[in-house]
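**Student:** just coords:
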């Protein structure tokens, strides 16, 4: 265990942060130290670990470890929150025998509560001693909050079976584009240079975690980190080939985990892919997809399996995109429900009602004005979502 990806080891423990016996801390160690890239929440209210991560990314030191806790976001805790994050990183570094600046931290959970530092500091020695005794799946479980199942992937780079791409992610609520509310950690042994790793990370995040929504809310803690501790191939052609293969597979792994985040969303019964095409610009297609995908009325119609196409038309109309209502076409899978802005009839509606009984399906919106396309994965809005979030701190 722990050597699923060469050079990376993992461990987990229960520090009692949530007052249960469930694992709530994880440590991911890279030996040798890894080149890395990261993306963080665009929320202007940022948790202490996010601010620390952003600073360390600017400073450019390699990374030897990531310490993660669930059950407490360490957000909105003022100077004490940053001091606590620094203290945990410092002690982790001391126990590992690495420089302090080579340790990152990520947190997820309730906002505005101080970290239980006595419990977390006491858990660190055992966490370090157990390095290599946990798997990616174990880590995925340890970082869960309201997630219903762990989300992880482990793949080979196409054509390069010795190059591994592993990742874990958590997220179930406060999920929306521009860094959907989640944590994601990815591990490679590809040997990519830092600038190339950054470009590949940015592209992969844009096409995955920035294209999902559950409830339209955005967190203070969103973090995606990608670490690569491999040795670059000596042959320039092989280096180029590895980079292309890693880019392809990292995109696929992130898209898979992003879809699972929506599927695993709080109270989610339906996973709906919105495919908007025929827009004049990508920005217009994005506006339409986000307007429809975040509409409470549309999402409750998904939950109720009601082909209420008028709600979709209304959301398109207030999206801010350039549209012509008389050119809009809306289909559920292959059944056209709206053509030229008007209902296509009761038979089509009956077929759509049957489609909406599925857990996952695609809604295709054609604006009829251009060639731009955008895809967003959204969900329904259920009674269970309200119950989960009404009792979140209880």
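**Tutor:** Sure, I can see it. Note that the structure is predicted; figures quoted are calculated from it, not measured.
**Student:** what's the burial count for the nearest residue to residue 245 once chain neighbours are set aside?
**Tutor:** Among residues not flanking residue 245 along the chain, residue 157 sits closest, at 3.9 Å (Cβ to Cβ, 6 or more residues apart in numbering). Every C-beta, even on glycine, is put in place using the N, C-alpha and C of the backbone. By other Cβ atoms under 10 Å, 23 other residues sit near residue 157.
**Student:** and residue 157, what are its bridge partners?
**Tutor:** Note on residue 157: beta-bridge partners by DSSP bridges are residue 160.
**Student:** on contacts alone, who are the packing partners of the longest strand anywhere in the chain?
**Tutor:** Counting residues, the longest strand found in the chain (DSSP state E) is strand 25-40. In terms of contact count using 3 or more Cβ pairs under 8 Å, 6 or more residues apart in numbering; DSSP states H and E, strand 25-40 is assigned the packing partners strand 8-13, helix 48-59, strand 63-72, helix 117-129, helix 136-142, strand 183-188, helix 194-206, strand 223-228.
**Student:** on that earlier part again, spell out which residues sit in contact with the residue nearest to residue 245, please.
**Tutor:** For residue 157, the contact set (Cβ atoms under 8 Å, 6 or more residues apart in numbering) comprises 163-165, 190, 242, 245-246, 248-249.
**Student:** Where does pLDDT dip in the stretch 101-250 of the chain?
**Tutor:** Along the stretch 101-250 of the chain, segments meeting pLDDT under 70 span 172-181, 215-218.
**Student:** Might you specify the subset of the contacts of residue 157 located within strands?
**Tutor:** 163-165.
**Student:** Redo the helices and strands packed on strand 25-40 as a markdown table? Include distance to residue 97.
**Tutor:** Converted to a markdown table, the helices and strands packed on strand 25-40 look like this (distance: least, Cβ to Cβ, whole Å):
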| stretch | distance to residue 97 |
| --- | --- |
| strand 8-13 | 14 |
| helix 48-59 | 19 |
| strand 63-72 | 9 |
| helix 117-129 | 10 |
| helix 136-142 | 22 |
| strand 183-188 | 21 |
| helix 194-206 | 24 |
| strand 223-228 | 18 |
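**Student:** Could you double-check that residue 338 lies in contact with residue 330?
**Tutor:** Yes - using Cβ atoms under 8 Å, residue 338 is in contact with residue 330, at 3.9 Å.
**Student:** So for the two, which residues contact both of them?
**Tutor:** Common neighbours of residue 338 and residue 330 (Cβ under 8 Å, 6+ apart) are 309, 312-313.
**Student:** so who does the residue nearest to residue 154 when sequence neighbours are not counted touch?
**Tutor:** Nearest residue to residue 154, sequence neighbours excluded (Cβ to Cβ, 6+ apart): residue 166, at 4.5 Å. The contact partners of residue 166, by Cβ under 8 Å, 6+ apart, come to 4-5, 8, 136, 152-155, 186-188.
**Student:** Tell me where the model's unsure across the stretch 251-394 of the chain.
**Tutor:** Using pLDDT under 70, the flagged stretches of the stretch 251-394 of the chain are 391-394.
**Student:** coming back round to it: average pLDDT across the longest strand of the chain?
**Tutor:** For strand 25-40, the mean per-residue pLDDT is 97.
**Student:** now it against helix 48-59, angle please.
**Tutor:** Interaxial angle, strand 25-40 versus helix 48-59 (axes from the mean of the first three to the mean of the last three Cα atoms, to 10 degrees): 60 degrees.
**Student:** Next, the angle helix 194-206 makes with strand 25-40.
**Tutor:** Calculated by the same axes, to 10 degrees, strand 25-40 forms an angle of 90 degrees with helix 194-206.
**Student:** in its sheet, what does strand 25-40 sit against?
**Tutor:** When DSSP bridges is applied, strand 25-40 pairs with strand 8-13 (antiparallel), strand 63-72 (antiparallel), strand 223-228 (antiparallel).
**Student:** now that strand, how far from the chain's geometric center?
**Tutor:** Strand 25-40 sits 17 Å away from the centroid of its parent chain (Cα atoms, centre = their mean, to the nearest Å).
**Student:** ditto for stretch 225-241
**Tutor:** Distance, centroid of stretch 225-241 to centroid of chain: 25 Å (Cα atoms, centre = their mean).
**Student:** which helices and strands sit right next to the helix ranked longest in the chain?
**Tutor:** In the chain, with assignment by DSSP state H, the single longest helix is helix 236-263. If you count contacts as 3+ Cβ pairs under 8 Å, 6+ apart, helix 236-263 packs onto strand 151-157, strand 160-170, strand 183-188, helix 194-206, strand 271-279, strand 372-379.
**Student:** now for those, which one comes closest to residue 58?
**Tutor:** Taking Cβ to Cβ, helix 194-206 is the member of the helices and strands packed on helix 236-263 nearest to residue 58, at 12.1 Å.
**Student:** Contacts for that closest one next, please.
**Tutor:** Under Cβ under 8 Å, 6+ apart, the answer for helix 194-206 is 35-39, 60, 179, 188, 192, 224, 226, 228, 243, 246-247, 250-251, 254.
**Student:** ok, of those, which come out buried?
**Tutor:** For the contacts of helix 194-206, a burial check counting by 16 or more other Cβ atoms under 10 Å picks out 35-39, 179, 188, 192, 224, 226, 228, 243, 246-247, 250-251, 254.
**Student:** Quick one: the helices in the stretch 251-394 of the chain, in order.
**Tutor:** 282-294, 296-304, 309-317, 346-355, 383-390 (DSSP state H, counting those that start in this stretch).
**Student:** Now do the fourth one and helix 309-317, the angle between them.
**Tutor:** Helix 346-355 and helix 309-317 meet at an angle of 80 degrees, taking the same axes, to 10 degrees as the criterion.
**Student:** just curious, which of the ones in strands among the contacts of residue 157 is nearest to residue 52?
**Tutor:** Once Cβ to Cβ is applied, the member of those that ends up nearest residue 52 is residue 165, at 25.8 Å.
**Student:** Pull the contacting residues for that closest one.
**Tutor:** Counting by Cβ under 8 Å, 6+ apart, residue 165 has contacts 5, 153-157, 186-188, 190, 246, 249-250, 253.
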